[in-house]
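Asker: Give me the fold of what follows.
(chains A and B)
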Amino acid sequence: ILNVEQSPQSLHVQEGDSTNFTCSFPSSNFYALHWYRWETAKSPEALFVMTLNGDEKKKGRISATLNTKEGYSYLYIKGSQPEDSATYLCASRYNNNDMRFGAGTRLTVKP
Amino acid sequence: GAGVSQSPRYKVAKRGQDVALRCDPISGHVSLFWYQQALGQGPEFLTYFQNEAQLDKSGLPSDRFFAERPEGSVSTLKIQRTQQEDSAVYLCASSLGPVLGNQPQHFGDGTRLSIL
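Answerer: As a prediction, this is how the structure comes out:
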């Protein structure tokens, strides 16, 4: 199984801007896609788990979509706030129990 | 506490020493995972347990790495004869259901291991 890729590697936005980033993953034997939010010096916090093609999940100002056929997921943040600053990790799980993480997108929101 | 607890938070050891890292999962969580995270990279899977059974250890980098979860709760990751390349953050995560469920994993704060 090839690597999970996240882009961009880092992102700086102004408070109030909306932003989005991408997670690309191998689609063969796909089972589920996980998004995590990871603040410095804390443990990763689960945001979403998605399994079906076309799934869209929302939690407050954060939402995510999933395309299992082409192997990508987008994470959107509407009206970014400084407290959204964190690394956003995605991980894909496969039918053989394999789970692969991306390297994360580091988001910095400037007041 | 209610979350996944890992100890120690930081460990410094000399090359060649053995180390043991502990993970206390959330009570009642069936699945437990260990990951290794090198600087600037995402977590890399090491091994997982469903209750006390180690169902996959294909991610362990060498036979110096050994993990156990004898009673299906607390887990220990042991590294024998440590090498400098073992320096990393070791993350433990647990989830409520079986491994192929779609519940999220809950992570501990990790153990930062430095080998001198």
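
Asker: buried residues in stretch A:38-52?
Answerer: The neighbour-count check on stretch A:38-52 (16 or more other Cβ atoms under 10 Å in any protein chain shown) flags A:Trp38, A:Ser43, A:Pro44, A:Ala46, A:Leu47, A:Phe48, A:Val49, A:Met50 as buried. From N, CA and C alone the C-beta is placed, and that goes for glycine too.

Asker: Below-threshold pLDDT in the chain: ranges please.
Answerer: Let's take chain A. Where chain A drops to pLDDT under 70, the residues are A:1-2, A:96-97.

Asker: Not quite, go with chain B.
Answerer: By pLDDT under 70, the weakly predicted segments of chain B are B:1, B:99-101.

Asker: and the nearest residue to B:Pro25 once chain neighbours are set aside, how many residues sit next to it?
Answerer: Leaving aside its chain neighbours, B:Pro25 sits nearest to B:Ser94 (3.3 Å; criterion: Cβ to Cβ, 6 or more residues apart in numbering or on different chains). B:Ser94 is flanked by 26 other residues according to other Cβ atoms under 10 Å in any protein chain shown.

Asker: Just the element for B:Ser94, please.
Answerer: Applying DSSP states H and E as the criterion places B:Ser94 in strand B:88-95.

Asker: what do you get for A:Lys58?
Answerer: Of the helices and strands defined by DSSP H and E, A:Lys58 is found in strand A:56-59.

Asker: Any figure for the gap between the residue nearest to B:Pro25 and chain A?
Answerer: 11 Å (Cβ to the nearest Cβ, to the nearest Å).

Asker: Pull up the pairing partners for the strand holding A:Lys58, direction included.
Answerer: Partners of strand A:56-59 in the sheet, by DSSP bridges, are strand A:62-67 (antiparallel).

Asker: Now do the end-to-end distance for stretch B:105-112.
Answerer: 20 Å (Cα to Cα, to the nearest Å).

Asker: swap in stretch A:100-111?
Answerer: Counting by Cα to Cα, the terminal residues of stretch A:100-111 are separated by 34 Å.

Asker: List the residues that contact the residue of chain A found nearest chain B.
Answerer: Per Cβ to the nearest Cβ, A:Ala46 is where chain A lies closest to chain B, at 3.2 Å. Neighbouring residues of A:Ala46 by Cβ atoms under 8 Å, 6 or more residues apart in numbering or on different chains: A:His34, A:Trp35, A:Tyr36, B:Pro104, B:Gln105, B:His106.

Asker: rerun at 6 Å
Answerer: A:Tyr36, B:Pro104 (Cβ atoms under 6 Å, 6 or more residues apart in numbering or on different chains).
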